[in-house]
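1. Sequence first, then the predicted structure, then my questions.
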Amino acid sequence: MTGKGKSDPDRFGFVAILGAPNVGKSTLLNFMVGSKVSIVSPKVQTTRARVLGICIEGSTQIVFMDTPGIFTPRRRLDRAMVATAWDGAGDADQVLLLVDAERGLDRDTEAISAHLRKKKITALLAINKIDLVKKPDLLTLTETLSGDGLFSEIFMISAAKGDGVSDLLNYFKVNLPEGPWHFPEDQISDMPMRLLSAEITREKLYLQLKQELPYSTAVETESWEEKDDGSVRIAQVVYVERKGQKGIVLGKGGARIKEIGRAARLELEEILERRVHLFLFVKVREKWGDDPDRYRDWGLNFNA
Ligand code: GDP
Ligand code: MG
């Protein structure tokens with residue numbers, strides 16, 4: 001964060017982060033906000049809902065919208081996630097398209113560019129994961145992408161290492177519209193703690209189960225109890241769609257769920273800065289992917 005100059009006017013704006021699944025949108029958001037507000041995993045489509053991350057640069061308050069990624073939707077949940085991403089882009093003051101330097105211009109990115117062109121949205125381009133590619137390859141990709149005329153600026157970054165991210169923040173600092181801030185100075189997200197804590201457990205599930213994990217797994221916080229000794233008791237339910245999946249999540253003698261719970265608890269204790277007692281229950285609920293309540297909880301439109 002840089003100091004607030006007396007003569008600088010207050011600025012405020014929304015920035016939508018768009019990109020194919022797995023290009024590093026959530027990683028970039030967390031880095032800019034300086035805290036975990038969106039979960040990250042090597043598996044695609046981890047981010048389901050729209051997540052706001054807020055940061056302050058000088059006298060500018062920047063609100064980033066992490067989106068679930070844009071891809072060809074097949075199921076209801078996919079459709080709702082993609083619709084949410086595009087709604088975010090329509091509402092934003094600036095649109096930032098993230099491209100994976102290693103993967104380059106793939107089908108998903110082509111589809112996003114085509115849509116931006118159709119909607120006449122000018123975007124900023126950030127080529128991410130530059131730590132993974134050689135300079136000449138990066139130059140070739142940059143030339144290809146800049147020939148498009150769709151992008152007003154091109155940034156090269158590594159969201160994981162933080163390289164180049166300050167250039168991006170500086171850009172928003174001076175280019176967002178003048179106007180009053182909409183959020184308190186210390187707010188970094190609009191996600192309620194109950195939801196964020198469920199998301200953290202879901203991240204640990206993804207990390208532990210890797211390819212084994214059914215995509216159709218949901219976590220919900222059932223109760224949140226503040227104790228007199230300053231600790232908090234959190235009970236969460238992990239929903240799977242079939243009986244067989246329950247066994248996978250539990251692991252031998254419950255070893256896996258125990259490890260998932262431990263990892264989630266440690267991270268929660270760090271974020272909440274107090275002791276956490278986390279209880280995880282695994283339940284089978286068929287077709288939760290077609291349950292309207294889930295969509296409401298995530299801020300998604302069931303009928304997208
Ligand atoms: P999203 O689906 O676009 O939100 O992508 P995530 O933020 O979840 O990241 C997907 C994967 O890419 C994760 O394994 C990240 O650790 C990894 N990743 C993100 N940014 C970088 C980067 O700059 N360099 C490298 N090497 N990996 C990255
Ligand atoms: Mg994400």
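-> That came through fine. Numbers count the residues shown, from 1 in each chain. Ligands and ions are numbered 1, 2, ... in the order given.

2. could you pull out the strands for the protein?
-> Assigned by DSSP state E, the chain shows strands spanning 11-19, 51-57, 60-66, 94-100, 123-128, 151-156, 218-226, 232-240, 276-284.

3. can you tell which of these is closest to residue 182?
-> Comparing the strands of the chain against residue 182 with Cβ to Cβ, the closest turns out to be strand 11-19 (5.9 Å). Heads up, the C-betas are built off the backbone N, CA and C, glycines and all.

4. name the helices or strands packed onto the closest one?
-> helix 25-33, strand 60-66, helix 76-91, strand 94-100, helix 107-118, helix 165-175 (3 or more Cβ pairs under 8 Å, 6 or more residues apart in numbering; DSSP states H and E).

5. tell me the angle that strand makes with helix 25-33.
-> Regarding strand 11-19 and helix 25-33, their directions subtend 150 degrees when assessed with axes from the mean of the first three to the mean of the last three Cα atoms, to 10 degrees.

6. residues in contact with residue 126?
-> Listed by Cβ atoms under 8 Å, 6 or more residues apart in numbering, the contact set of residue 126 reads 28, 96, 97, 98, 99, 154, 155, 156, 157, 164, 168.

7. so who does the fifth one touch?
-> Counting by Cβ under 8 Å, 6+ apart, residue 99 touches 19, 20, 23, 105, 109, 125, 126, 127, 128, 141, 145.

8. And it, how close does it get to residue 156?
-> When distances are taken as Cβ to Cβ, to the nearest Å, residue 99 and residue 156 turn out to be 10 Å apart.

9. any residues in contact with both of these two?
-> Each of 126, 127 lies in contact with both residue 99 and residue 156 under the rule Cβ under 8 Å, 6+ apart.

10. Can you tell me the closest non-neighbouring residue to residue 176?
-> Here the nearest residue to residue 176 in space, its sequence neighbours aside, is residue 13; by Cβ to Cβ, 6 or more residues apart in numbering that works out to 3.3 Å.

11. Residue 100 is in contact with residue 133, correct?
-> No. Using Cβ atoms under 8 Å, residue 133 makes no contact with residue 100, being 9.5 Å away.

12. Of the two, which one has the most company?
-> More neighbours sit around residue 100 than around the other of residue 133 and residue 100, counting by other Cβ atoms under 10 Å; the figures are 22 against 19.

13. which non-adjacent residue is nearest the more buried one?
-> By the measure of Cβ to Cβ, 6+ apart, the closest residue to residue 100 outside its immediate chain neighbours is residue 23, 4.3 Å from it.

14. what's near enough to touch that neighbour?
-> Here residue 23 is in contact with 69, 98, 99, 100, 103, 128, 129 (Cβ under 8 Å, 6+ apart).

15. before we move on, back to that, flag whichever of the strands of the chain has the least confidence on average.
-> For the strands of the chain, the stretch scoring lowest in mean pLDDT is strand 51-57; its value is a mean of 85.

16. Report the angle between that strand and helix 25-33.
-> Here strand 51-57 runs at an angle of 30 degrees relative to helix 25-33 (the same axes, to 10 degrees).

17. before we move on, the earlier item: would you reformat the contacts of residue 99 as CSV and include distance to residue 203?
-> Listed next are the contacts of residue 99 as CSV, based on distance: Cβ to Cβ, whole Å:
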residue, distance to residue 203
19, 19
20, 20
23, 17
105, 29
109, 25
125, 27
126, 23
127, 25
128, 19
141, 29
145, 30
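
18. just those now: which is nearest residue 79?
-> Using Cβ to Cβ, residue 20 is the member of the contacts of residue 99 that lies nearest residue 79, at 16.5 Å.

19. if I read this right, that closest one contacts residue 109, doesn't it?
-> Yes. Residue 20 is in contact with residue 109 according to Cβ under 8 Å; the separation is 5.3 Å.

20. Would you mind listing what in the stretch 151-300 of the chain touches ligand 1?
-> Residues of the stretch 151-300 of the chain found near ligand 1 (Cβ under 6 Å from any ligand atom) are 158, 159, 160.

21. Can you go through these and name the buried ones?
-> 158, 159 (16 or more other Cβ atoms under 10 Å).

22. quick check, nearest of the residues of the stretch 151-300 of the chain next to ligand 1 to ligand 2?
-> Here the nearest of these to ligand 2, counting by Cβ to the ion, is residue 159; it sits at 10.8 Å.

23. Report the separation between that closest one and residue 126.
-> Note on residue 159: its distance to residue 126, by Cβ to Cβ, is 8 Å.

24. quick one: common contacting residues for the two?
-> Listed contacts common to residue 159 and residue 126 are residue 28; contacts here mean Cβ under 8 Å, 6+ apart.
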